[in-house]
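**Student:** Return a 3D structure for these sequence lines:
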Amino acid sequence: IGGSADDAGYGLDLGTHNDLYVTGGSNSSSFGYSCPGLKQVNNGGRADGYLLRIDLNSFAVSAYTFIGTSSYDQSYFVKTDKYGKPFIYGQSEGINGISSGVYSVKDAKMFLKKLDFNCDKIEAETTFGALNKNKPDLSPTAFLVDQCERVFISGWGGINFTTGFTGGGTANMPLTSDAYQKTTDAYDFYLAVFSKNFEDLQYATYFGGKSNGSVDAHEHVDGGTSRFDKKGIMYQSVCAGCGGQSLFPTTPGAWSNKNKANNCNNALFKFDFENLNRKPQAKDSIYDVFANDTLNFDIMVSDPDKSDSLRIVLSGDIFKDPNFPKPLPQIVSYTRLSGVNAIRAKIVWYSNCKHAGLDTIKLTVKVYDRGCPTQDSNQAIIRIVVKDPPLTITPETICMLFNEDGSINLSWKPFVKNKFFNYVILYRQ
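**Tutor:** Numbers count the residues shown, from 1 in each chain. Now for the predicted structure:
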């Protein structure tokens with residue numbers, strides 16, 4: 001495969017339609033194949049990335065496109081999702097596109113793209129890395145698209161390791177609050193997970209040794225020596241301990257905690273990202289209501305994973321107690337909020353006088369997500385205090401006049417009524 005100039009292939013992956021995708025870098029102006037493709041002329045620069053599809057029935061190139069800008073670009077990995085659509089991971093010195101609604105760092109030099117089967121449409125794309133760098137941060141080392149369409153990446157960065165990329169490295173990369181390692185000497189590994197369609201940065205951390213005074217803990221690795229498995233567990237090979245030091249982190253009971261060479265030696269770490277399906281959120285609250293009044297309130301549930309669908313269920317002891325006075329609270333409507341994965345549910349309860357004097361009523365609002373790979377849940381407790389209706393103060397003075405026809409005429413001063421007032425009974429003594 002390739003054109004008339006230098007071409008390199010770095011990654012390949014099987015699709016789901018008896019096809020094979022290949023990605024890499026090229027100096028060829030065109031590959032010359034007659035097939036579909038978004039951009040079939042090199043974009044320019046020292047190199048341009050490409051993505052190519054091979055039909056495994058005929059072993060012919062069935063689609064290809066160049067990927068990149070007018071500056072240097074290369075695509076290092078390709079992985080297909082469960083539908084067979086290709087995703088690529090690469091680096092650039094140019095300005096790559098960013099889709100709407102995705103996590104991104106504007107003008108960053110690492111890129112992710114999702115294309116359609118025939119390589120003629122970019123369905124989603126983003127850039128990530130440190131701000132205000134003009135060189136790629138990372139040399140990509142592993143890539144995965146899992147069954148939930150999350151995207152896992154790893155790479156190493158070093159300021160001077162790669163000729164021509166002075167100014168790269170892992171300094172100032174975006175991290176999440178739960179990062180395993182939050183500091184870097186700029187010569188570390190960087191691991192990250194993006195949610196479906198790159199909507200969020202779900203997890204990001206550094207991993208590497210910490211330089212100690214005059215001893216530098218510089219790590220790197222050649223590409224193609226590391227993998228994610230389908231469960232999102234990272235198996236990363238490392239060229240560590242360069243200069244004969246032993247600053248690379250190891251765990252208790254490891255086969256070796258020391259670098260026994262005079263220079264670099266092989267290290268390996270296994271990193272389990274665990275279940276990245278995050279819990280839905282709901283908040284406890286308390287309300288009061290007068291007996292015989294209607295209580296209307298909203299509860300909002302949300303999920304930090306934008307692709308998860310949500311389900312709400314009302315429960316609690318009052319729904320199981322046959323002696324609890326009816327009616328019961330119920331959800332009457334749902335409203336999906338725009339811009340976030342959240343639902344506002346309206347709950348209505350028609351209280352009556354039988355509810356007065358009861359202990360605080362507790363409702364449990366259970367919220368379930370249909371997450372991937374597993375379902376998760378959470379709950380909020382709603383407490384309701386039922387108060388006696390306020391009394392209406394009736395007039396103390398009533399004027400009674402006897403009419404000539406024997407009838408009685410009653411009159412009293414006006415008084416303030418509330419909505420709980422019904423009528424006044426006058427007793428004769």
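**Student:** Confirm that residue 354 lies within a strand, as I assumed.
**Tutor:** No. Counting by DSSP: H, G, I helix; E, B strand; the rest coil, residue 354 is not found in a strand; it is helix.
**Student:** Low-confidence stretches in the stretch 101-250 of the chain?
**Tutor:** 159-167, 223-224 (pLDDT under 70).
**Student:** Okay, the residue nearest to residue 231 when sequence neighbours are not counted and residue 140: tell me how far apart.
**Tutor:** With C-beta to C-beta, 6 or more residues apart in numbering as the criterion, residue 231 has its nearest non-adjacent residue at 7.6 Å, and that residue is residue 146. Using the backbone N, CA and C atoms, a C-beta is placed for each residue, glycine as well. Shown here: residue 146 relative to residue 140, a distance of 17 Å by C-beta to C-beta, to the nearest Å.
**Student:** Could I get the contacting residues of residue 340?
**Tutor:** 302, 306 (C-beta atoms under 8 Å, 6 or more residues apart in numbering).
**Student:** run the last query once more with 10 Å
**Tutor:** Applying C-beta atoms under 10 Å, 6 or more residues apart in numbering to residue 340 gives the contacts 300, 302-304, 306.
**Student:** Same question for residue 110.
**Tutor:** Taking C-beta under 10 Å, 6+ apart, one finds 89-92, 96, 126-130, 133, 136-138, 140, 153, 155, 157, 168, 173, 190, 192 in contact with residue 110.
**Student:** need the longest strand for this protein.
**Tutor:** The residue-count maximum for a strand in the chain (DSSP state E) belongs to strand 376-387.
**Student:** Relative to the whole chain's centre, how far out is the helix or strand just after that one?
**Tutor:** Using DSSP states H and E, the next helix or strand after strand 376-387 towards the C-terminus is strand 398-402. With C-alpha atoms, centre = their mean, to the nearest Å as the basis, strand 398-402 stands 76 Å off its chain's centre.
**Student:** Please name every helix or strand in contact with strand 398-402.
**Tutor:** strand 408-412 (3 or more C-beta pairs under 10 Å, 6 or more residues apart in numbering; DSSP states H and E).
**Student:** Can you spell out which helices and strands pack onto the strand it packs on?
**Tutor:** strand 398-402.
**Student:** partners of the strand it packs on in the sheet?
**Tutor:** According to DSSP bridges, strand 398-402 forms sheet pairs with strand 408-412 (antiparallel).
**Student:** So what's the residue count around residue 256?
**Tutor:** Residue 256: 10 surrounding residues under other C-beta atoms under 10 Å.
**Student:** try residue 396
**Tutor:** Neighbours of residue 396 (other C-beta under 10 Å): 8.
**Student:** Would you mind measuring from it to residue 409?
**Tutor:** 19 Å.
**Student:** Let me see the mean pLDDT of stretch 77-86.
**Tutor:** Taken as a whole, stretch 77-86 carries a mean pLDDT of 96.
**Student:** quick check, distance from it to the centre of its chain.
**Tutor:** Worked out by C-alpha atoms, centre = their mean, stretch 77-86 lies 19 Å from the chain centre.
**Student:** Equivalent analysis for stretch 19-27, please.
**Tutor:** Here the centre of stretch 19-27 is set off from its chain's centre by 29 Å, with C-alpha atoms, centre = their mean.
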